[in-house]
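Engineer: pasting the sequence and the predicted model now:
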There are 2 protein chains.
Amino acid sequence: MNPDQNPTQAGERPQPHPPTQARGRRRRATLLASAVHLLTQGGFAAVTHRAVAHHANLPLAATTYYFASRDQLLAEAFAQLVETELTTTRTWITDHGLTALTDQIATADRTRQLGLWELYVHAGRDPVLQQIARRWADGCIRIIADTLHLSETDTRVRLLYTTLSALWLEQVVEQRPLDEARTLLALAVKTAENALPPP
Amino acid sequence: MNPDQNPTQAGERPQPHPPTQARGRRRRATLLASAVHLLTQGGFAAVTHRAVAHHANLPLAATTYYFASRDQLLAEAFAQLVETELTTTRTWITDHGLTALTDQIATADRTRQLGLWELYVHAGRDPVLQQIARRWADGCIRIIADTLHLSETDTRVRLLYTTLSALWLEQVVEQRPLDEARTLLALAVKTAENALPPP
DNA sequence: GCTAAACTGGCACGAACGTACCACTTTGCG
DNA sequence: CGCAAAGTGGTACGTTCGTGCCAGTTTAGC
């Protein structure tokens, strides 16, 4: 819905959201962090101007001053959340291995994961968010490829990613017994490793 | 949040949602159908009392008369949507086979799938919806098991379901090229068929 | 130091929401 | 038939939302 997203080009009159030139940049960052926090707590329904401003100890108007709209605020929060998630997942996998992923899911804050997936699905209705969702998927695929020392375009990597993400979502939403997920995860990884190279 | 959900027990005073005894049952069904329709069109944010009543050509109060709350309306709409989806998917698969699933996804109404998944993720925050979500998953697993002539508890079936659902969600949200999904789907099915029986 | 621009913050508007209320009509049953 | 229960529909209340507005304050550049 937003045809422009060029922050360096300051020619925007109706939506003058040029990056701050003072300590106001801290305020913007604070607002964004608050939005992320609320997003991980109560889903994107909880990310309102008022809630964000209140959590950041800032007046209500600050949110409309630094962000053109609620959609933009949500998009940036989603992007930041995805970025954080990617680095967290990467370090976890390099430290503990792929098959320990279920434990990370079980360990991590469940509402956080829910917020992430909520926004992921919502991305299906918003082209801007869709781009971020694709970036999330690509990031995960890259992590798996690096871990297995395979190419990102390898079909096995692609398939393994798909399976893992589904296991993840399923675990978060349905809260089935953890053993089941662990078994399936191990099976998926082994299957991917033993599969033939792509044709 | 709702400690009661016993429709046969009519002792409910504050929420007297006893099933209608007259042609009002049609009205209730109409409202529910409208809720489902709105759900598939604009996500569950579009399912408001007013929108449902208007779409059903009924007064606003009818929604609160037949449904205790918006949450209940949403839950019933979700349940009905899942049921419809399950039968549709089953007939499609028996007619065209598992590997043609991507084409069904591509063919079917995209916003409908989005609404389904939106509600699925939302089920992570609501125990009532979570039950319906589990039922959806179990239904899909059963379809796959029947198709492959395997047991529902077979690990291969379980894993294949997981992969298929992820492919489905991914396709709906990210709208990647269809060929990719087709390839992955075929690979997943073949892998599941050739895999060893569960230990 | 002075002026314009950037920033701040309190407030209000209009819209949409869930839900309660209540007079009215229809219906099932003794 | 008569009457209580079920159903009906218009309306209103209280809340919350996104966002616009604008007088005041701070800051940057000349």
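Structural biologist: Looks like it came in fine.

Engineer: show me what the helix or strand where A:Asp95 lies is packed up against.
Structural biologist: In the assignment (DSSP states H and E), A:Asp95 maps to helix A:70-96. Helices and strands touching helix A:70-96, by 3 or more Cβ pairs under 8 Å, 6 or more residues apart in numbering or on different chains; DSSP states H and E, are helix A:24-42, helix A:49-55, helix A:101-107, helix A:110-122, helix A:127-148. Any C-beta I mention is one placed from the backbone N, CA and C, and that applies to glycine too.

Engineer: looking at those helices, which is closest to B:Ala29?
Structural biologist: Closest to B:Ala29 of the helices and strands packed on helix A:70-96, according to Cβ to Cβ: helix A:110-122, at 27.9 Å.

Engineer: tell me the gap between the closest one and the middle of its chain.
Structural biologist: Using Cα atoms, centre = their mean, to the nearest Å, the mean C-alpha position of helix A:110-122 is found 8 Å from that of the whole chain.

Engineer: enumerate every residue touching the residue positioned nearest the centre of chain A.
Structural biologist: In chain A, the residue lying closest to the centroid (Cα atoms, centre = their mean) is A:Val82, at 2.5 Å. For A:Val82, the contacting residues are A:116, A:132, A:135-136, A:139, by Cβ atoms under 8 Å, 6 or more residues apart in numbering or on different chains.

Engineer: now A:Glu180
Structural biologist: Contacts of A:Glu180 (Cβ under 8 Å, 6+ apart): B:Arg158.

Engineer: pLDDT score assigned to it?
Structural biologist: Among the per-residue scores, A:Glu180 shows a pLDDT of 91.

Engineer: which of the helices and strands packed on helix A:70-96 sits closest to DNA strand C?
Structural biologist: helix A:24-42 (4.0 Å; Cβ to the nearest atom of the strand).

Engineer: and the closest one with helix A:110-122, angle?
Structural biologist: Interaxial angle, helix A:24-42 versus helix A:110-122 (axes from the mean of the first three to the mean of the last three Cα atoms, to 10 degrees): 100 degrees.

Engineer: so which elements touch helix A:24-42?
Structural biologist: Using 3+ Cβ pairs under 8 Å, 6+ apart, helix A:24-42 is in contact with helix A:49-55, helix A:61-66, helix A:70-96, helix A:110-122.

Engineer: can you list the buried residues in that helix?
Structural biologist: Using 16 or more other Cβ atoms under 10 Å in any protein chain shown as the test for burial, helix A:24-42 gives A:27-28, A:30-32, A:34-42.

Engineer: can I get the residues you listed in TSV including pLDDT?
Structural biologist: Below are the buried residues of helix A:24-42 laid out as TSV (pLDDT from 0 to 100):
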residue	pLDDT
A:Arg27	91
A:Arg28	93
A:Thr30	94
A:Leu31	95
A:Leu32	96
A:Ser34	97
A:Ala35	97
A:Val36	96
A:His37	96
A:Leu38	96
A:Leu39	95
A:Thr40	93
A:Gln41	92
A:Gly42	91
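
Engineer: and chain A, which residues reach chain B?
Structural biologist: A:43, A:110-111, A:114, A:117-118, A:120-125, A:130, A:133-134, A:137, A:155, A:158-159, A:162-163, A:165-167, A:169-170, A:172-176, A:180, A:183-184, A:187-188, A:191, A:195 (Cβ under 8 Å from any Cβ of the partner chain).

Engineer: return a selection command, for use in ChimeraX, containing the buried ones of these.
Structural biologist: Selecting only the buried entries of the residues of chain A next to chain B in ChimeraX, with 16+ other Cβ under 10 Å as the criterion:
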select /A:43,110,111,114,117,118,120,121,122,123,124,125,130,133,134,137,155,158,159,162,163,165,166,167,169,170,172,173,174,183,184,187,188,191,195
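
Engineer: A:Cys140: what's it in contact with?
Structural biologist: By Cβ under 8 Å, 6+ apart, the residues touching A:Cys140 are A:86, A:89, A:161, A:164-165.

Engineer: and those residues, which is closest to DNA strand C?
Structural biologist: Checking the contacts of A:Cys140 one by one against DNA strand C (Cβ to the nearest atom of the strand), the nearest turns out to be A:Leu86, at 29.7 Å.

Engineer: any idea how many residues pack against the closest residue to that closest one other than its chain neighbours?
Structural biologist: Counting by Cβ to Cβ, 6 or more residues apart in numbering or on different chains, A:Leu86 lies nearest to A:Gly139, which is 4.2 Å off, once chain neighbours are set aside. By the criterion of other Cβ atoms under 10 Å in any protein chain shown, A:Gly139 has 17 neighbours.

Engineer: quick one, what contacts whichever residue of chain A sits closest to chain B?
Structural biologist: Across chain A, the shortest distance to chain B (Cβ to the nearest Cβ) belongs to A:Ala166, at 3.1 Å. Counting by Cβ under 8 Å, 6+ apart, A:Ala166 makes contact with B:162-163, B:165-166, B:169.

Engineer: that one and DNA strand D, how far apart?
Structural biologist: According to Cβ to the nearest atom of the strand, to the nearest Å, A:Ala166 stands 31 Å off from DNA strand D.
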